[in-house]
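Asks: Turn this into a model:
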Amino acid sequence: MKIFPRIKRNSRMLFLLGLLTILPATSAMADEPHVAATELKFEVTVADKIATVRDMLLSQLEARNYAIINVLNVQEGLQGRGIDAPPLQLIEFCNLTKAYTVTHHVPNFEMFAPCRLALIEHDGKTTVMMQRPAHILSLLASDKNLTDEGRATLKQFDDDLRAILDSLASGGF
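Replies: Predicted structure coming up:
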């Protein structure tokens, strides 16, 4: 059974050669970092060391008016206790004005504050993960005190953080 019965042999060969020239590009594109989004979290892995990724994220957060609450070097802390651990750092941050917009009406939001990015390095690549503000919104959605402004603020948090991680994935820093 011929797959392309009406296409001449030479045309089929040119078609197949054309496909082969596309395949390496498609394969290379598949290796490009991208942000994976689930209901729970955003996650991206980039080909940079943890210190470089941390500095890029801190810069982007500050540029978007997020206060850096703490940067915890978990690996260093564990090594101080005699535990050998891979490079792991946590960045805690918050936009205090936006957080107040939600917390003012829904004090339960404080259980999720500040926001946190987890950075884990393995084989020279760094994975960044964080709980999505949209997930927090889904958990607080039934609270009758959550205002439309509070919902919009949590959505804006989600959009901001996705944009920061998209920029990290594309090398846009």
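
Asks: only C-alpha atoms for contact and neighbour calcs from this point on.
Replies: Fine.

Asks: The helix or strand containing residue 162 - contacts with which helices or strands?
Replies: Take DSSP states H and E as the rule and residue 162 turns out to sit in helix 148-170. Applying 3 or more C-alpha pairs under 8 Å, 6 or more residues apart in numbering; DSSP states H and E, we find helix 148-170 packed against strand 41-46, helix 50-63, helix 96-103, helix 133-140.

Asks: rerun that using 7 Å as the cut-off
Replies: Counting contacts by 3 or more C-alpha pairs under 7 Å, 6 or more residues apart in numbering; DSSP states H and E, helix 148-170 packs against helix 96-103, helix 133-140.

Asks: next one: the last one to chain centre, how far?
Replies: Read that as helix 133-140. Averaging C-alpha positions (C-alpha atoms, centre = their mean, to the nearest Å) puts helix 133-140 16 Å from its chain's average.

Asks: Residues in contact with that helix: which ones?
Replies: 39, 40, 151, 154, 155, 157, 158 (C-alpha atoms under 7 Å, 6 or more residues apart in numbering).

Asks: at 10 Å instead, please
Replies: 38-42, 102, 106, 108-109, 111-112, 115, 132, 141, 143, 146, 150-161 (C-alpha atoms under 10 Å, 6 or more residues apart in numbering).

Asks: which of those count as buried?
Replies: 41-42, 102, 106, 109, 115, 132, 146, 150-151, 153-155, 157-158, 161 (16 or more other C-alpha atoms under 10 Å).

Asks: Among those, which one lies nearest to residue 89?
Replies: The shortest gap between residue 89 and any of the buried ones among the contacts of helix 133-140 belongs to residue 115, at 13.8 Å (C-alpha to C-alpha).

Asks: State the pLDDT value of that closest one.
Replies: At residue 115, the predicted lDDT confidence score is 93.
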